[in-house]
Every structure is written in structure tokens, then in C-alpha cells.
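Asker: next one to model:
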Amino acid sequence: MSPSHPYSGESVIQQLKRFGSNLDEKHEMSFWLYFPEEKTARRAADRAKKTGLSTEVVRSVDNRWLCLILCPHAPDEALIDAVMEFSIGLASEFGGEFDGWESSLTTSPEEIEELLKNLKSSSRKRRHS
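Answerer: Down below sits the predicted model:
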């Protein structure tokens with residue numbers, strides 16, 4: 001996948017970095033595919049499961065069927081590219097729509113401690129103002 005593509009592994013990793021996520025930690029990444037019928041969403045999910053990915057199929061609020069492809073791994077550019085291309089191809093093959101991705105953000109204990117320290121310091125300054 002071209003690095004300039006908004007769904008490329010490089011682009012995803014840049015976005016995770018921008019939000020301060022710890023790339024050494026496992027992230028819960030999900031890839032969103034919508035299908036008009038439950039049957040096709042389940043067929044797509046079965047194909048994804050055969051590759052070793054986890055899936056969930058649920059009815060969406062707009063009465064389409066959502067097939068979530070789940071990839072709980074530390075972010076890796078090549079892996080993200082492969083899952084993204086697989087997901088886009090799967091949606092196309094089964095007459096669905098690829099609607100993007102999302103990921104949990106992770107921070108290290110040190111980053112959390114630093115944030116807490118900054119928040120406490122800011123609270124003390126406001127009380128004394």
C-alpha cells in the first residue's frame with residue numbers, strides 16, 4: 001500500500017504517534033466492513049478467521065451488517081498494510097464497503113505518571129491563583 005494512502009501502515013502509525021500512543025504495546029485495532037446482508041458479512045468474517053484474525057458480526061444502526069476484523073497486536077507497518085489490503089479486498093469481493101479502522105491508544109506507566117504530575121501541578125496553580 002502506498003505510504004501516502006490514508007489507510008497505509010505508515011499513515012496509521014503516524015496518527016498513533018501523533019496521539020502519543022506507545023507503539024511498543026499491544027493495540028486493539030479494528031477494521032470496519034459493512035455489508036447489506038448478514039449472510040455476506042458472515043462469509044467475510046469466516047474468510048478472515050481462516051487467516052487467523054478474530055471477527056465480530058453485528059447489525060449496525062442503519063440496518064446494514066458490520067463485520068469487525070480485530071487485530072490485537074503491537075502496531076507494525078507491514079502487518080497494518082496487509083490487514084488493510086485484505087479488509088479492503090474482502091469488502092469488495094463480498095459486495096460490501098470498507099469504512100476505515102480504529103485503534104485503542106496506549107501509554108506507558110511513565111507517561112501516565114508524567115500526565116498525573118502535570119495535572120496535579122496545574123490544579124495546585126489554579127487553587128493558588
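Asker: all helices in the protein, in order from the N-terminus.
Answerer: Ranges of helices in the chain, per DSSP state H, are 9-18, 38-50, 77-93, 109-127.
Asker: got the buried residues for the shortest one?
Answerer: Of the residues in helix 9-18, those with enough neighbours to count as buried (16 or more other CB atoms under 10 Å) are 9, 11-13, 16. To be clear about C-beta, it is placed using only N, CA and C from the backbone, and glycine gets the same treatment.
Asker: pick out whichever of those residues sits closest to Trp65.
Answerer: Checking the buried residues of helix 9-18 against Trp65 by CB to CB gives Val12 as the nearest, at 24.6 Å.
Asker: grab the nearest non-local neighbour of Ala78.
Answerer: The shortest distance from Ala78 to any non-neighbouring residue, by CB to CB, 6 or more residues apart in numbering, is to Gly9 (6.4 Å).
Asker: how much space between the one you found and Leu70?
Answerer: Computed as CB to CB, to the nearest Å, the Gly9 to Leu70 distance reads 17 Å.
Asker: quick check: the residue nearest to Ala78 touching Leu79?
Answerer: Yes. Using CB atoms under 8 Å, Gly9 makes contact with Leu79 at a distance of 7.1 Å.
Asker: okay, and the beta partners of Cys71?
Answerer: Met29 (DSSP bridges).
Asker: distance of it from Gly20?
Answerer: 21 Å.
Asker: more neighbours: those two, which one.
Answerer: Cys71 (25 against 12; other CB atoms under 10 Å).
Asker: contacting residues around the more buried one?
Answerer: Applying CB atoms under 8 Å, 6 or more residues apart in numbering to Cys71 gives the contacts 29-31, 53-54, 79-80, 83.
Asker: so Ala41 sits right up against Leu68, yeah?
Answerer: No. At 9.8 Å, Ala41 and Leu68 do not qualify as touching, with contact defined as CB under 8 Å.
Asker: identify the contacts common to those two.
Answerer: With CB under 8 Å, 6+ apart as the test, Ala41 and Leu68 both reach 33, 57.
Asker: just the closest of the contacts of Cys71 to Glu102, please.
Answerer: Distance to Glu102, by CB to CB, is smallest for Ser30 among these, at 5.6 Å.
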